[in-house]
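1. 3D model of this:
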Amino acid sequence: MSKKLLESIQFPEDLRKIPREQLPEVAKELREFIINIVAVKEGHLGASLGVVELTIALHYIFNTPEDILVWDVGHQAYGHKILTGRKAAFHTNRQLGGISGFPKIEESNYDAFGTGHSSTAISATLGMAIASQLSGDLTKQHIAVVGDASIASGMAFEALNHAGVTNTNLLIILNDNAIGIDPSVGALKEYLTKVNLDKTPDTDNIFEALNFSYFGPIDGHDLPIITENLEKLKKIKGPKLLHVITKKGKGLQQAEQNQVTYHAPGKFDAKTGEITQKDTSHLPPKFQDVFGYTLVELAKSNKKIVGITPAMPTGSSLKYMMKEFPERAFDVGIAEQHAVTLSAGMATQDYVVFCNIYSTFLQRAYDQVIHDVCLQKLPVIFCLDRAGLVGQDGATHHGIFDMAYLRCIPNLTLVAPRNEIELRNLLYTAQLGLQQPIAIRYPRGRGNILDWQRSFKKIEIGKGETIKKGSEVAILSIGTMATEVSQAINLIDTSRKEKVGHYDMRFVSPLDKSLLHAVFKEYNTLITVEDGVISGGFGSAVLEFASLHKYKNDITLLGISNHFPEHATTSQLKDSEGLSSEKIKEAILNKL
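-> Numbering: from 1, shown residues only. Down below sits the predicted model:
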């Protein structure tokens with residue numbers, strides 16, 4: 001019988017033709033389908049395995065896509081994609097030209113809202129429910145599936161607070177699995193654990209206090225119980241919440257036991273669950289680990305150092321400090337705004353605060369960066385992980401806007417190290433007593449240097465570095481794009497190679513004006529190279545400098561053009577954006 005039922009399902013209307021007693025078999029087949037493809041193609045695993053029964057029940061009971069279903073967080077939605085017309089394309093998930101790893105409006109009318117970041121679903125679904133009300137459609141259902149700890153975010157509570165005073169047809173499914181990417185933290189997690197253990201709603205139920213009709217907790221892997229509850233909830237008016245207990249990684253023993261690793265495990269054996277082990281001992285370190293290990297080293301000699309991250313201790317490698325100095329390293333949950341202002345508060349008390357946030361997620365705390373840190377000139381050290389093109393997580397996760405949106409803020413130093421040693425030395429420099437905030441941006445993945453753990457050296461703020469002198473064309477690079485530029489220059493024949501100069505500007509703000517003056521006077525042609533958006537970015541800063549000082553040099557800007565890059569490998573993306581060494585070489589040759 002294996003695969004037979006799933007093969008008959010292309011869309012939810014096919015699913016609804018299957019007798020209820022056979023739905024557990026559909027769940028078994030759907031799990032196997034997800035495991036078999038993710039094992040080979042990679043992707044997010046544990047979250048989607050945990051909601052297989054819930055996914056089937058929602059599409060079985062509700063009339064999707066007319067009834068609106070929003071997934072939060074988006075990496076729960078693999079089963080949803082398979083049941084909504086994308087089963088045949090699922091092997092292309094997160095691949096160049098394939099389907100997205102997250103819900104995406106333009107991909108399917110079953111994807112009611114794009115959810116790459118977390119904690120947005122209640123606000124969006126409430127907006128849809130109010131719109132239905134205004135249009136006079138009082139029968140349409142609006143369901144937000146909120147999982148992987150995203151209920152604890154401030155934005156989720158803002159939406160709950162508003163929803164409770166509406167009379168909308170809104171259903172929130174709280175997928176309670178006690179873990180995001182790392183284990184959940186905070187008082188709300190402890191409250192939900194208590195509710196789960198008691199098996200009965202607390203007399204002081206937090207959701208009922210917000211005017212929600214509360215149901216549960218129920219077993220999220222018991223299809224008859226889930227379908228029965230969803231059918232009842234369809235008939236109840238006003239905002240309501242169903243508390244569902246699930247296990248992240250359900251159905252794959254290793255994924256259940258090691259939920260952090262199997263959130264996105266890479267390649268693994270579909271039968272045994274064993275991850276394909278690679279010997280990485282001979283490889284250069286990940287930039288994340290350079291950050292993590294260096295911070296521990298610095299914290300040993302500086303008792304004022306603290307680390308803060310919004311729910312990314314493993315991904316960012318702050319976990320090393322959390323293990324070594326648990327009282328001085330804080331995971332604040334999915335709460336970027338809180339993380340930034342908490343950092344500001346600690347900085348007022350003379351603590352040296354390393355606030356470690358993925359570049360794409362710092363966008364969520366932009367006001368706090370401006371108002372709470374930079375306006376008050378508080379020396380918070382922002383460590384912006386996963387800056388630049390991040391690969392297969394795609395448009396929602398690329399850290400390509402940070403240089404453009406940060407360099408315009410007064411009092412903020414913005415710097416991008418070109419390698420692991422520079423990152424290490426910048427972390428060291430930042431904790432020596434800077435009088436204003438600094439943002440250090442660095443990419444996802446490995447560097448190029450094996451012996452990176454060298455003695456610390458202080459880096460002069462606002463100073464770039466000459467990598468190679470030339471005579472005709474000067475390349476101004478920022479951050480790790482220096483590696484691509486050096487490789488590009490090495491691809492050019494010797495006679496022309498000597499004409500190309502290369503300068504690592506290192507600081508976007510403040511720019512090294514003395515170095516720029518020298519370059520503008522020495523070369524007729526300049527090329528800027530950045531792994532961020534061109535509009536308002538590093539190259540734009542160079543153009544502003546040229547305009548201010550009335551330089552007439554020929555300047556070409558290489559970077560991300562005015563669009564959202566999709567999902568592909570980082571090397572594929574660099575090539576398509578004109579930032580691979582081969583494409584940079586072509587740009588240089590066009591100018592020689």
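
2. same for the longest strand along the chain, what does it pack against?
-> In the chain, with assignment by DSSP state E, the single longest strand is strand 525-533. On a contact count with 3 or more CB pairs under 8 Å, 6 or more residues apart in numbering; DSSP states H and E, strand 525-533 meets helix 402-406, strand 473-477, helix 481-490, helix 538-548, strand 554-560, helix 581-591. For glycine as for every other residue, the C-beta is placed from the backbone atoms N, C-alpha and C.

3. for Pro437, which of these is the nearest?
-> Evaluated with CB to CB, these place helix 402-406 nearest to Pro437, the distance being 9.9 Å.

4. did I read that right, Arg94 in a helix?
-> No. The assignment for Arg94 is coil, going by DSSP: H, G, I helix; E, B strand; the rest coil, so no helix is present there.

5. how many neighbours does it have?
-> Neighbour count of Arg94, defined by other CB atoms under 10 Å: 22.

6. report pLDDT for it.
-> On the pLDDT scale, Arg94 is placed at 94.

7. how about the one 4 residues further on?
-> Turning to Gly98, the model gives it a pLDDT of 94.

8. roughly how far does Lys81 sit from Ile61?
-> Distance, Lys81 to Ile61, by CB to CB, to the nearest Å: 19 Å.

9. tell me which of the two has more neighbours.
-> The residue with more neighbours, out of Lys81 and Ile61, is Lys81; 27 against 21, by other CB under 10 Å.

10. which element is the more buried one on?
-> helix 78-81 (DSSP states H and E).

11. and that helix, how far out from the chain middle?
-> Distance of helix 78-81 from the chain centroid (CA atoms, centre = their mean, to the nearest Å) equals 20 Å.

12. contact partners of that helix?
-> The contact list for helix 78-81 (CB atoms under 8 Å, 6 or more residues apart in numbering) reads 30, 34, 38, 43-44, 48, 51-52, 55-56, 59, 69, 71, 90, 93, 99, 103, 108, 110.

13. and if we set it to 6 Å?
-> 30, 34, 48, 52, 55 (CB atoms under 6 Å, 6 or more residues apart in numbering).

14. who's in contact with the third one?
-> Contacts for Ser48 were tallied using CB under 6 Å, 6+ apart; they are 34, 76, 78-79.

15. in TSV, list those residues along with distance to Gln288 and pLDDT.
-> Below are those laid out as TSV (distance: CB to CB, whole Å; pLDDT from 0 to 100):
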residue	distance to Gln288	pLDDT
Ile34	27	94
Gln76	24	93
Tyr78	25	95
Gly79	30	95
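
16. the nearest residue to Pro443 once chain neighbours are set aside: neighbouring residues, count only.
-> Nearest in space to Pro443, with sequence neighbours left out and distances taken as CB to CB, 6 or more residues apart in numbering, is Gly388 at 4.8 Å. By other CB under 10 Å, 29 other residues sit near Gly388.

17. Asp372 against Ser343, yeah?
-> No. Asp372 lies out of contact with Ser343 (CB atoms under 6 Å); the separation is 8.6 Å.

18. contacting residues around the longest helix that the chain contains?
-> Ranked by residue count and defined by DSSP state H, the top helix of the chain is helix 23-41. Residues outside helix 23-41 that contact it (CB under 6 Å, 6+ apart) are 3, 5-6, 45, 48, 52-53, 56, 78-79, 90-91, 223, 251-252, 268, 270.

19. rewinding a little: by neighbour count, which of the contacts of Ser48 wins?
-> Gln76 (30 neighbours).

20. tell me who's in contact with it.
-> 47-48, 51, 147 are the contacts of Gln76 under CB under 6 Å, 6+ apart.

21. now these as TSV including distance to Gly445, pLDDT and secondary structure?
-> As requested, those are exported to TSV (distance: CB to CB, whole Å; pLDDT from 0 to 100; DSSP: H, G, I helix; E, B strand; the rest coil):
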residue	distance to Gly445	pLDDT	secondary structure
Ala47	22	90	helix
Ser48	24	93	helix
Val51	29	95	coil
Gly147	27	89	strand
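
22. how much space between the residue positioned nearest the centre of the chain and Pro437?
-> Residue closest to the mean C-alpha point of the chain, counted by CA atoms, centre = their mean, is His397 at 4.6 Å. Using CB to CB, His397 is found at 24 Å from Pro437.

23. now do Tyr110
-> Distance of Tyr110 to Pro437, given as CB to CB: 43 Å.

24. neighbour count for these two, which is higher?
-> The neighbour comparison of Tyr110 against Pro437 (other CB under 10 Å) goes to Pro437, with 27 against 20.

25. closest to Gln337 out of the contacts of Ser48?
-> For the contacts of Ser48, the closest approach to Gln337 (CB to CB) belongs to Gln76, at 23.3 Å.

26. now the closest one: closest residue in space that isn't a chain neighbour?
-> Closest to Gln76 by CB to CB, 6+ apart is Ala47, at 4.6 Å.

27. likewise Ile467?
-> Leaving aside its sequence neighbours, Ile467 sits nearest to His502 (CB to CB, 6+ apart; 4.1 Å).

28. my read is that that neighbour contacts Lys469, right?
-> No. His502 lies out of contact with Lys469 (CB under 6 Å); the separation is 8.5 Å.

29. list the buried ones in the longest helix of the chain?
-> By neighbour count with 16 or more other CB atoms under 10 Å, helix 23-41 contains the buried residues 23, 26-35, 37-39, 41.

30. repeat for stretch 133-150
-> With burial defined by 16+ other CB under 10 Å, the residues of stretch 133-150 counted as buried are 133, 140-150.

31. name the nearest of the buried residues of helix 23-41 relative to Gly238.
-> Leu23 (28.4 Å).

32. what's the separation between the closest one and Leu58?
-> Taking CB to CB, one finds Leu23 at 12 Å from Leu58.

33. cool, Lys377 as well?
-> From Lys377 to Leu58 the distance is 50 Å (CB to CB).

34. what about the strands in the stretch 201-350 of the chain?
-> 213-219, 240-245, 305-309, 329-331 (DSSP state E, counting those that start in this stretch).

35. name the surrounding residues that touch the longest one.
-> This points to strand 213-219. Contacts of strand 213-219 (CB under 6 Å, 6+ apart): 196, 201, 205, 207-208, 225, 229, 240-245.

36. please repeat the previous calculation with a cut-off of 7 Å.
-> Residues outside strand 213-219 that contact it (CB atoms under 7 Å, 6 or more residues apart in numbering) are 176, 195-196, 201, 205, 207-208, 225-226, 229, 233, 236, 238, 240-245.

37. before we move on, back to that, partners of the longest strand of the chain in the sheet?
-> With DSSP bridges as the test, strand 525-533 is paired with strand 473-477 (parallel), strand 554-560 (parallel).

38. just send the ones you listed back as JSON lines, with mean neighbour count and distance to Glu522 too.
-> Output for the strands paired with strand 525-533, formatted as JSON lines (neighbours: other CB atoms under 10 Å; distance: least, CB to CB, whole Å):
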{"stretch": "strand 473-477", "mean neighbour count": "28", "distance to Glu522": "7"}
{"stretch": "strand 554-560", "mean neighbour count": "19", "distance to Glu522": "14"}
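
39. output the ones you listed as a markdown table; include the columns mean pLDDT and distance to Val290.
-> Output for the strands paired with strand 525-533, formatted as a markdown table (pLDDT from 0 to 100; distance: least, CB to CB, whole Å):
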| stretch | mean pLDDT | distance to Val290 |
| --- | --- | --- |
| strand 473-477 | 98 | 20 |
| strand 554-560 | 98 | 24 |
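
40. just the CA trace of the host helix or strand of Leu362, in CSV.
-> In this assignment (DSSP H and E), Leu362 forms part of helix 359-362. Taking Å, rounded to 0.1, in the frame of the first residue of the first chain, the C-alpha atoms of helix 359-362 are listed here in CSV:
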residue,chain,number,x,y,z
SER,A,359,22.0,40.3,9.1
THR,A,360,18.5,39.6,7.7
PHE,A,361,17.0,39.6,11.2
LEU,A,362,18.5,42.9,12.2
